[in-house]
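Undergrad: pasted the sequence and its predicted model underneath.
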Amino acid sequence: MEYEQDQVYQPREDTFLLRDAALTEVRSEDRVLEVGCGSGAVIAALKERTAIVVATDINPHAVRAGRERGVETVRTDLVAGLCGPFDLVLFNPPYLPTLPEERIDDWLEYALDGGPTGRETIERFASEVGRVLAPSGRILLLVSSLTEPDKVRQLFADLGYTVLLVATEEIEGEELMVFRITRDLCTCRA
């Protein structure tokens, strides 16, 4: 059964920036998880370069898209129900600041709506990802200048992570960034 393309976030500049950062970061022995895989373009690009790739998405159309690309894809919210551990976790979260009256009622909304600050899903991810991340694991998180990246950095720092900027791209008055996030093994509480 084919997925409905208009209900799945299609690859754009943010997708390609995260994909390219992931291709640079991935190691052949990594167990890789992409949270919110959308079309599956990022995780599918890693299939031949690493040991294990798994994806999640809450959108049933995105789950079908990932499976059509040959990736084991689980329908779940973020990392709910997963065991891990994963060495590399990728996430291009919904980051558009969205007020309740701006919401649309379809599956694509899950890929776009970051809540009023654009950080709502990022905050939930930050509190949950440590449960499935290997002790020496890495996270590649795409953020936008629309989400106040310094607040995202602080959110992860407060949870005991180290955050480094590894890629950027300017598009249409917005700056996209990929953060490489690792545990500070002495203090991480997540």
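TA: That came through fine.
Undergrad: can I assume residue 19 is in contact with residue 38?
TA: No. The pair residue 19 / residue 38 is not scored as a contact, 11.3 Å apart, by C-beta atoms under 8 Å. The C-beta positions use only the backbone N, C-alpha and C, and glycine is treated the same way.
Undergrad: of these two, who's got more company?
TA: residue 38 (26 against 22; other C-beta atoms under 10 Å).
Undergrad: quickly note the distance from the residue nearest to the spatial centre of the chain to residue 168.
TA: For the chain, the residue nearest the mean C-alpha position is residue 91 (0.8 Å; C-alpha atoms, centre = their mean). Distance, residue 91 to residue 168, by C-beta to C-beta, to the nearest Å: 17 Å.
Undergrad: which neighbours do residue 19 and residue 38 share?
TA: When contacts are counted by C-beta atoms under 8 Å, 6 or more residues apart in numbering, the set common to residue 19 and residue 38 is empty.
Undergrad: picking up where we left off before, give me the pLDDT for the residue nearest to the centre of the chain.
TA: For residue 91, the pLDDT comes out at 95.
Undergrad: for it, which non-adjacent residue is spatially closest?
TA: Counting by C-beta to C-beta, 6 or more residues apart in numbering, residue 91 lies nearest to residue 35, which is 4.4 Å off, once chain neighbours are set aside.
Undergrad: for the closest residue to residue 11 other than its chain neighbours, what are its contacts?
TA: Excluding its sequence neighbours, the residue lying closest to residue 11 (C-beta to C-beta, 6+ apart) is residue 41, at 4.4 Å. By C-beta under 8 Å, 6+ apart, the contact set of residue 41 is 11, 15, 19, 69.
Undergrad: let me have those residues in JSON lines, extended by pLDDT.
TA: Putting those into JSON lines (pLDDT from 0 to 100) gives the following:
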{"residue": "11", "pLDDT": "86"}
{"residue": "15", "pLDDT": "93"}
{"residue": "19", "pLDDT": "97"}
{"residue": "69", "pLDDT": "94"}
